[in-house]
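# fold the following and give me the result.
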Amino acid sequence: MTADDAALLASLPALAYQACLVFCRMAAASMLLPGLGEQEVPANIRLGLGLLVTLLLLPLLAPLLPPAPEAPFALLGLILGEVAIGLWLGSLARLLASAMAQAGQVIGTMMGLSSPLQGDLMLGAQGTPLGRLFGFVATALILSTGLYALPLAALLHSYTILPAGTLPAATAAEAMAAMVAQSFALALRLAAPFILAGVLFNLGLGLVARVAPQVQIFVVAAPAQILAGFGLLMLLLPAILTLWRGAMEGGFNALPGAP
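The predicted structure follows:
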């Protein structure tokens with residue numbers, strides 16, 4: 001055995017330790033990242049993506065990793081901390097991207113589509129078809145426009161502000177709360193025209209029902225409500241997508257560690 005072979009064998013434990021640390025953060029994030037970690041994608045494929053990202057980034061991140069601790073419990077705590085950081089960063093990006101599906105839920109309800117419910121893996125047990133469609137549109141836009149690269153870049157640069165073994169719990173909780181508020185605010189902005197139109201439409205129906213109580217006005221007007229809603233959606237959809245994409249770019253660039 002040559003000296004180079006002996007040196008390579010001696011470096012394998014340290015290399016395996018570094019790869020394990022990077023994989024913990026990358027794999028945990030890849031389970032949640034928008035576009036790449038969708039619930040429809042099998043878990044083994046998402047874990048494979050995390051492994052691929054680990055292999056690509058390990059040469060860059062290895063100098064930033066701490067040496068392997070000797071105590072087993074210290075190593076376990078380090079691994080759990082990396083998993084927590086990955087889940088935290090992935091959740092922040094996921095919450096922001098879910099604003100489109102939330103807006104679809106609100107728009108579908110305002111259009112009168114709250115009755116035909118179907119399963120939704122991201123928003124819960126049931127959701128409107130329009131909310132489901134908006135979720136697929138958001139995924140397609142993230143993958144086709146390259147927005148998925150922004151959370152990955154933030155994940156790469158997160159080692160500069162969140163080195164392995166550090167997890168500021170207070171800052172993480174504040175960031176999660178702020179992202180939830182930002183996501184809901186964006187969803188309401190996207191659905192605002194439909195909320196206003198729905199309120200005015202139902203107010204008009206209420207006035208007509210007072211004037212002619214013998215007419216089942218809400219049953220008669222239900223098809224008109226749906227048709228008018230789809231017409232308004234076709235008119236405003238380009239503006240909705242443009243607003244959502246701009247908000248995604250700004251939000252992803254504000255993630256912890258974003259360059």
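
# make it CA atoms for all contacts and neighbour counts henceforth
Fine.

# what ranges do the helices span in the chain?
3-30, 43-61, 72-97, 99-110, 129-145, 149-161, 169-211, 217-253 (DSSP state H).

# ok, and which of these has the densest surroundings?
Neighbour counts (mean count of other C-alpha atoms under 10 Å) averaged over each of these peak at helix 99-110, with a mean of 25.

# for it, give the mean pLDDT please.
For helix 99-110, the mean per-residue pLDDT is 88.

# just send the helices of the chain back as JSON lines, with distance to Leu36 too.
Shown next, in JSON lines, are these (distance: least, C-alpha to C-alpha, whole Å):
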{"stretch": "helix 3-30", "distance to Leu36": "7"}
{"stretch": "helix 43-61", "distance to Leu36": "7"}
{"stretch": "helix 72-97", "distance to Leu36": "10"}
{"stretch": "helix 99-110", "distance to Leu36": "16"}
{"stretch": "helix 129-145", "distance to Leu36": "8"}
{"stretch": "helix 149-161", "distance to Leu36": "10"}
{"stretch": "helix 169-211", "distance to Leu36": "19"}
{"stretch": "helix 217-253", "distance to Leu36": "14"}
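
# I'd like the distance from the nearest residue to Tyr17 once chain neighbours are set aside to Cys20, if you could.
Using C-alpha to C-alpha, 6 or more residues apart in numbering and skipping the chain neighbours, the partner closest in space to Tyr17 is Ala68 (6.9 Å). Using C-alpha to C-alpha, to the nearest Å, Ala68 is found at 11 Å from Cys20.

# which ones are touching the nearest residue to Ile79 once chain neighbours are set aside?
Leaving aside its sequence neighbours, Ile79 sits nearest to Leu21 (C-alpha to C-alpha, 6+ apart; 6.2 Å). Neighbouring residues of Leu21 by C-alpha atoms under 8 Å, 6 or more residues apart in numbering: Leu78, Ile79, Glu82, Ala164.

# wait, which of these is closest to Thr145?
Nearest to Thr145, judged by C-alpha to C-alpha, of these is Glu82 at 29.1 Å.

# show me where this structure dips below the pLDDT cut-off.
1-12, 114-127, 215 (pLDDT under 70).

# could you redo the last one with a cut-off of 80?
Low-confidence segments of the chain (pLDDT under 80): 1-14, 37-43, 112-129, 165-170, 205, 208-222, 257-259.

# which residue is nearest the middle of it?
Centroid check for the chain by C-alpha atoms, centre = their mean gives Arg94 as the closest residue, at 1.4 Å.

# ok, that one to Leu232 distance?
According to C-alpha to C-alpha, Arg94 and Leu232 sit 28 Å apart.

# next: Val137.
18 Å.

# try Leu65
Here the distance between Leu65 and Leu232 works out to 53 Å (C-alpha to C-alpha).

# again, but for Leu55
Applying C-alpha to C-alpha, one obtains 47 Å for the distance of Leu55 from Leu232.
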